[in-house]
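Colleague: Just to be clear, the model below is a prediction. Sequence and coordinates:
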Amino acid sequence: DMPPRAMAGLVCMANVQEGRDARKLRAMAEAASSIPRAWLLRVFSDRTFHRSGFCLAGAPDAVGEAAIALSKQAADCIDLTSPERIADKSAHHHVGAVDLLPFHPIGDATMEDAAEVSRRVSKTLAEDCSFSVLTYGQAHPTGRSLVQLRKQTSFFKRGPQALHASGHAVSSEAKPDFGPAVPDQRRGITVCGATGYVLNFNVALDTTDLQEGQQIAKAIRASNPGGMPGVESMAYEHAGPNGSRLVEVACNLREPSSQEGGDASVLARVTDLAQAKGIRILHSYCTNPTPEELERWWMSDKSSHVWEWRVPPGEEIF
């Protein structure tokens, strides 16, 4: 039984560092789906990045409980210190096995509702499972942004271009807000916060030149002159169809419902910038539901809802 649309709800886009093992991912999906009045909408798994996003939505307390259940299951089956993970140069940047738990209000929920659940989830994971948790957005007293916080951790030092400079899988200059000050290296640090809804939008370029992708990502970034509103962007190397390689411009769209900061405008701008370099666009896709899709789901009858499992275009489904 779901509250009518006018009632408060939350969405959580949980990101975990597992994108290859179907059995483990199914166990996480089952844990996330086990809480009444919370629904798992979508799992998006990226084998190259070894990362999956779980989109949870429903009543605020229930979404918090579902995020906890998912996180406990993920922590049981992900070890960031395993030799195969340490050697993996294609994995997405991350600081935790459960890397990100962002809570967003939907329906009549307020940002404070999202912040309250975010803090409760952080506290529970710290007390019950010894997670080290950093908070951001409205869940943190300073309202610090995700990017500001990540710059204080080893997040940007990892991933496709990074080698492990230290014996540690992850590190942070910012002290955890909840849980052990020194994180368990197997599970790393979980980042948990409350913000407006963020759409994850990726554009695949027909090139293997990462530098060209980085120039395009820099040009559209909101923090740079001439950038697009609310856009956070990076370029990554990614596997393409049939063993080929490509470069992806990966974007967090923080103003996805705006004319200038939505996925259509971002795609048009990236297309223009790529064409100027003689590069064509292969495909583009969102890893989580658009605000419009969420709105439709929120108003729908949820009695027969079944979650969907998606992968990047052209890749084999699980």
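Modeller: Received it, and whenever you're ready, just let me know what you need.
Colleague: pretty sure residue 125 contacts residue 189?
Modeller: No. Using CB atoms under 8 Å, residue 125 is not in contact with residue 189, being 11.1 Å away. C-beta: built from backbone N, CA, C; applies to glycine.
Colleague: Same drill for the two, tell me which one is more crowded.
Modeller: Legend: neighbour count by other CB atoms under 10 Å for residue 125 and residue 189, higher for residue 189 (29 against 25).
Colleague: what helices or strands is the helix or strand hosting that one leaning on?
Modeller: In the assignment (DSSP states H and E), residue 189 maps to strand 189-194. For strand 189-194, the helices and strands in contact under the criterion 3 or more CB pairs under 8 Å, 6 or more residues apart in numbering; DSSP states H and E are strand 98-107, helix 111-129, strand 132-137, helix 146-150.
Colleague: Which neighbours do residue 125 and residue 189 have in common?
Modeller: Common neighbours of residue 125 and residue 189, using CB atoms under 8 Å, 6 or more residues apart in numbering, are residue 133.
Colleague: Would you tell me which of the helices and strands packed on strand 189-194 gets closest to residue 46?
Modeller: Residue 46 lies closest, by CB to CB, to one member of the helices and strands packed on strand 189-194: strand 98-107, at 12.6 Å.
Colleague: tell me the angle the closest one makes with strand 189-194.
Modeller: Per axes from the mean of the first three to the mean of the last three CA atoms, to 10 degrees, the angle that strand 98-107 makes with strand 189-194 is 10 degrees.
Colleague: Strand 98-107: partners in the sheet, and parallel or antiparallel?
Modeller: Note on strand 98-107: by DSSP bridges, its sheet partners are strand 8-16 (antiparallel), strand 189-194 (parallel).
Colleague: how about stretch 89-101: buried residues?
Modeller: Within stretch 89-101, the residues scored as buried using 16 or more other CB atoms under 10 Å are 91, 92, 93, 94, 95, 96, 97, 98, 99, 100, 101.
Colleague: mind listing what the last one touches?
Modeller: When you say that, I think you mean residue 101. Going by CB under 8 Å, 6+ apart, the list of residues near residue 101 reads 12, 14, 15, 67, 71, 118, 121, 190, 191, 192, 193.
Colleague: Would you agree residue 68 falls within a helix?
Modeller: Yes. Residue state for residue 68 (DSSP: H, G, I helix; E, B strand; the rest coil) corresponds to a helix.
Colleague: Only the C-alpha atoms, please, for the helix or strand of the chain with the lowest mean pLDDT, written as PDB.
Modeller: One helix or strand of the chain scores below all others by mean pLDDT, DSSP states H and E: helix 83-86, with a mean of 86. Taking Å, rounded to 0.1, in the frame of the first residue of the first chain, the C-alpha atoms of helix 83-86 are listed here in PDB:
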ATOM      1  CA  PRO A  83      44.000  -8.600  -5.400                       C
ATOM      2  CA  GLU A  84      41.700  -8.500  -8.400                       C
ATOM      3  CA  ARG A  85      40.200  -5.200  -7.300                       C
ATOM      4  CA  ILE A  86      43.600  -3.600  -6.500                       C
END
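Colleague: Strands along the stretch 151-300 of the chain, start to end?
Modeller: Applying DSSP state E, counting those that start in this stretch to the stretch 151-300 of the chain gives strands spanning 189-194, 199-205, 231-239, 245-253, 281-286.
Colleague: and of those strands, who's closest to residue 107?
Modeller: Of the strands of the stretch 151-300 of the chain, nearest to residue 107 by CB to CB is strand 189-194, at 15.2 Å.
Colleague: Could you identify which of the strands paired with strand 98-107 is most buried?
Modeller: strand 189-194 (a mean of 30; mean count of other CB atoms under 10 Å).
Colleague: Please find the angle between the direction vectors of that one and helix 111-129.
Modeller: 160 degrees.
Colleague: quick revisit: may I see the buried residues of stretch 89-101 arranged in a markdown table, with distance to residue 249 as well?
Modeller: Formatted as a markdown table, these follow (distance: CB to CB, whole Å):
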| residue | distance to residue 249 |
| --- | --- |
| 91 | 18 |
| 92 | 14 |
| 93 | 15 |
| 94 | 19 |
| 95 | 22 |
| 96 | 24 |
| 97 | 26 |
| 98 | 26 |
| 99 | 20 |
| 100 | 19 |
| 101 | 25 |
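Colleague: Of those, which pair is most distant in space?
Modeller: 91 and 101 (18.9 Å).
Colleague: Low-confidence ranges, this structure, go.
Modeller: 1-6, 158-169 (pLDDT under 70).
Colleague: let's go with 90 and repeat that
Modeller: Applying pLDDT under 90 to the chain flags residues 1-8, 48-49, 81, 83-95, 147, 151-173, 239-244, 299-305, 314-318.
Colleague: returning to that earlier point: tell me the most buried of the strands of the stretch 151-300 of the chain?
Modeller: Mean neighbour count (mean count of other CB under 10 Å) peaks for strand 189-194 among the strands of the stretch 151-300 of the chain, with a mean of 30.
Colleague: That concludes my questions; thank you for your assistance.
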